[in-house]
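> Provided below for reference: sequence and predicted model.
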Amino acid sequence: MNAGSPDPVRVLLTGAAGYLGSHVHRALLAAGHEVVAIDALLESVHGANAAGPEDVSRLDVRDQDALEPLLADIDVVCHLAAAVPLPQQRGAIELVPADSSNLSAPQDVPHLHRGSVAGQRGRDDAAHGAGPCVRAPLGADRAGAARPGAEGMRWAALYGAHNDVGTAVLLAAMERAGVPRLVLGSSVAVYGEGRYRGVRSGPFYPGLRRRGDLDRGLFDHRAPRSGEVLTWEPMGEDAPLRPRSAYAASKVAQEHYALAWVANTGGDAAVLRYHQLYGEPVADGRRVRSAESGVVARFRAELMAGRPPQVFEDGGQVRDFVHVRDAAVATVAAVERRLPGFVPLNIASGRPLTLWEVASAMAKAVDGPTPVVTGQCRVTDIRHIVAHPERARLALDFTARTQPAKGLADYAARGIGRR
């Protein structure tokens, strides 16, 4: 340890062979901490008969008898193990091609100016639309209309079995062992839709968008009474949790278990709500399918195949993208700093981008084809979700170092072998 560094702690790290977990494992060791690293090495993530890194033990946190001996003399548990949405799972809800005859030209896609991104009245024209809002055929009724959430619960039992049950077993074992601290890996998905405001009203936390608006290509949320187009604004950690997917619901459940554990044991729990992670997995020769999940990975895969990135809706959806190495730095900081009670924290870059900007930056970095705005959508899709990172800055002294625009371009270039 360097002079002035935090005292080393003994950490039980779950999910240590995963996409984020591998980075956190290396960062904890580099900081001088003692790490007991475990991972279930799920076949869906790591492949059949996968062998993890030599310093990661194969163990499922739901195995109480195997777990309990590992908790002896542990100072803090960093719980990152989770079943997550994977590309082969999402294949069940592939979007049906929409009629793109009315798509706006790419240069008309709104760029990032909070208060004006997609919140301008001048965009309420039919030409801004992109054909019907569609979901998978399996999510349609007999007339072909999409049922909200029809496929969204397909993997609920998987997420419940691993995320809910695994966390419950772990926390019960921590209580028996007297482990005083938890760092829990959560997700921005717990919020569901973002926070919005009108010119003279708000804040609003809207529900699902109206199917009729989506069919006409009107993707923005509107005030319930006036019909005014709403603009997004950053949301803090005290915003309501309104999950839109089975995965998100399982992450909310994990947080609630952690909150109950704090109340019953007097322990401390830092809950890290990671935003959209991107970046290369740890280079140890293994394929980790969770590193291939998410819109950024999909854009890169399309560019690597020589195809233009497919951007849904009008491309104006706003997200915050944080590099996986920055997320690992935040996680180590949470391990090293004891935060009293139950403390949720947004782990984000603080520099949100529209999906059109993301796809364009990545395509430009590899001299790839111009992204295509498809107009496709799903009723349950989230329009904008941007959360405020200030609490993490104050609590953890964490500020993301990687500028998303540059980081995303580098990520695309590495996929093509340019860097």
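Looks like it came in fine.

> what's the end-to-end length of stretch 375-389?
Start-to-end span of stretch 375-389 (CA to CA, to the nearest Å) is 30 Å.

> likewise stretch 259-272?
13 Å.

> average pLDDT across it?
Mean pLDDT, stretch 259-272: 98.

> Gln319 - how many residues pack around it?
One thing to correct before we go on: residue 319 is Arg, not Gln. 23 (other CB atoms under 10 Å). C-betas here are computed from N, CA, C, even on glycine.

> Gly178 now?
Close neighbours of Gly178, defined as other CB under 10 Å, add up to 11.

> and the helices in this protein, which stretches?
Under the criterion DSSP state H, helices of the chain are mapped to 19-30, 43-46, 64-67, 87-90, 156-159, 165-177, 211-215, 246-265, 295-304, 324-336, 355-365, 390-396, 404-416.

> where does this protein have low pLDDT?
Along the chain, segments meeting pLDDT under 70 span 1-4, 88-151, 418-419.

> how about 80 then?
Scanning the chain for pLDDT under 80 picks out the ranges 1-5, 87-152, 285-292, 417-419.

> how about Leu67: what's its closest non-neighbour residue?
Ala173 (5.3 Å; CB to CB, 6 or more residues apart in numbering).

> and the gap between the one you found and Pro69?
Distance of Ala173 to Pro69, given as CB to CB, to the nearest Å: 10 Å.

> tell me which of these two has more neighbours.
Each of Ala173 and Pro69 has its neighbours counted (other CB under 10 Å); Ala173 has more, 20 against 9.

> surely that one is in contact with Gln64?
Yes - using CB atoms under 8 Å, Ala173 is in contact with Gln64, at 6.1 Å.

> residue contacts, the residue nearest to Leu67?
64, 67-68, 71 (CB atoms under 8 Å, 6 or more residues apart in numbering).

> coming back round to it: can I get the helices of the chain in a markdown table with distance to Gly52?
Listed next are the helices of the chain as a markdown table, based on distance: least, CB to CB, whole Å:
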| stretch | distance to Gly52 |
| --- | --- |
| helix 19-30 | 9 |
| helix 43-46 | 7 |
| helix 64-67 | 15 |
| helix 87-90 | 20 |
| helix 156-159 | 20 |
| helix 165-177 | 17 |
| helix 211-215 | 43 |
| helix 246-265 | 23 |
| helix 295-304 | 22 |
| helix 324-336 | 18 |
| helix 355-365 | 31 |
| helix 390-396 | 28 |
| helix 404-416 | 24 |
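
> between those helices, which gets nearest to Val343?
helix 390-396 (6.5 Å; CB to CB).

> contacts made by the closest one with the rest, please.
Counting by CB under 8 Å, 6+ apart, 236-237, 270, 330, 333-334, 337, 339, 343, 345-348, 398-399 sit against helix 390-396.

> for those, which one is nearest Ala31?
Of the contacts of helix 390-396, the one sitting nearest to Ala31 (CB to CB) turns out to be Ala333, at 9.6 Å.

> burial measure for that closest one, as a count.
Neighbourhood size, Ala333 [other CB under 10 Å]: 22.

> one more: Ala305?
8.

> and it, its phi and psi?
Reported as degrees, to the nearest 10, the phi and psi values for Ala305 are phi -90, psi 0.

> how much space is there between it and Gly415?
Applying CB to CB, the value for Ala305 to Gly415 is 10 Å.

> grab the nearest non-local neighbour of Phe342.
Nearest to Phe342 is Val262, by CB to CB, 6+ apart, at 4.6 Å.

> returning to what we had before: the helices of the chain: which one's closest to Ser5?
Of the helices of the chain, nearest to Ser5 by CB to CB is helix 324-336, at 8.5 Å.

> now that closest one, how far from the centre of its chain.
Centre-to-centre, helix 324-336 and its host chain are 15 Å apart (CA atoms, centre = their mean, to the nearest Å).

> output that helix as PDB, restricted to C-alpha atoms.
Extracted C-alpha coordinates of helix 324-336, given in PDB (Å, rounded to 0.1, in the frame of the first residue of the first chain):
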ATOM      1  CA  VAL A 324     -16.100  -0.400 -17.000                       C
ATOM      2  CA  ARG A 325     -12.700   0.600 -15.600                       C
ATOM      3  CA  ASP A 326     -14.300   3.700 -14.100                       C
ATOM      4  CA  ALA A 327     -17.000   1.600 -12.600                       C
ATOM      5  CA  ALA A 328     -14.400  -0.600 -11.100                       C
ATOM      6  CA  VAL A 329     -12.700   2.400  -9.500                       C
ATOM      7  CA  ALA A 330     -15.900   3.500  -8.000                       C
ATOM      8  CA  THR A 331     -16.500   0.000  -6.600                       C
ATOM      9  CA  VAL A 332     -13.100  -0.100  -5.000                       C
ATOM     10  CA  ALA A 333     -13.700   3.300  -3.400                       C
ATOM     11  CA  ALA A 334     -17.000   1.900  -2.000                       C
ATOM     12  CA  VAL A 335     -15.100  -1.000  -0.500                       C
ATOM     13  CA  GLU A 336     -12.500   1.300   1.100                       C
END
